[in-house]
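> sequence and predicted structure are below.
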Amino acid sequence: MKKEYKALNTIVENFLKTYLPKYYKEMLEDTEKNYEDLSEDVVDLNEQIVDDSEKIEELKKEIEDLKDKLESNRDTLEKTKETLMSTEKKLARLRAQSLIYKK
């Protein structure tokens, strides 16, 4: 029995000495590769965040500029409406006067 135990023990020790180091080495290499990939992803994402933040600021500025332009256009439209109404009133008066003189 002792001989069989020793043979089995030798087999187990040989297995542990040859298989497990390779297995854990492969696991370690895979983990290192995954870590490198994740580190690169973090760098890329941080760069993208900076780029997107800059774009957001540019778009906010563009929105403000467009709001100002819209307000300016509203003012211009309001002045144009007033001018048109004034012109229509003058035209109506002139037509009325023209009808009076034709009689």
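Sure, I can see it. Numbers count the residues shown, from 1 in each chain.
> number of residues surrounding T10?
10 (other C-beta atoms under 10 Å). Quick note: C-beta positions are derived from backbone N, CA and C, even for glycine.
> hmm, I was thinking of Y101
For Y101, the neighbour count with other C-beta under 10 Å is 7.
> now swap in T87 and tell me
Neighbours around T87, by other C-beta under 10 Å: 10.
> can you check L91 too?
L91: 10 surrounding residues under other C-beta under 10 Å.
> quick check: mean pLDDT of the helix or strand where it lies?
Secondary structure from DSSP states H and E places L91 in helix 2-102. Mean pLDDT, helix 2-102: 93.
> centre of the chain to that helix, how far?
0 Å (C-alpha atoms, centre = their mean, to the nearest Å).
> could you do stretch 1-13 as well?
Chain-centre distance of stretch 1-13: 64 Å, with C-alpha atoms, centre = their mean.
> just the CA atoms of it, as PDB, please.
Provided in PDB are the C-alpha atoms of stretch 1-13 (Å, rounded to 0.1, in the frame of the first residue of the first chain):
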ATOM      1  CA  MET A   1       0.000   0.000   0.000                       C
ATOM      2  CA  LYS A   2       2.900   2.300   0.800                       C
ATOM      3  CA  LYS A   3       4.300   1.700  -2.600                       C
ATOM      4  CA  GLU A   4       1.000   2.600  -4.300                       C
ATOM      5  CA  TYR A   5       0.600   5.600  -2.100                       C
ATOM      6  CA  LYS A   6       4.100   6.800  -3.000                       C
ATOM      7  CA  ALA A   7       3.500   6.200  -6.800                       C
ATOM      8  CA  LEU A   8       0.200   8.100  -6.500                       C
ATOM      9  CA  ASN A   9       1.900  10.900  -4.600                       C
ATOM     10  CA  THR A  10       4.600  11.100  -7.200                       C
ATOM     11  CA  ILE A  11       2.000  11.300 -10.000                       C
ATOM     12  CA  VAL A  12       0.200  14.100  -8.100                       C
ATOM     13  CA  GLU A  13       3.400  16.000  -7.400                       C
END
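> cheers, nothing more for now.
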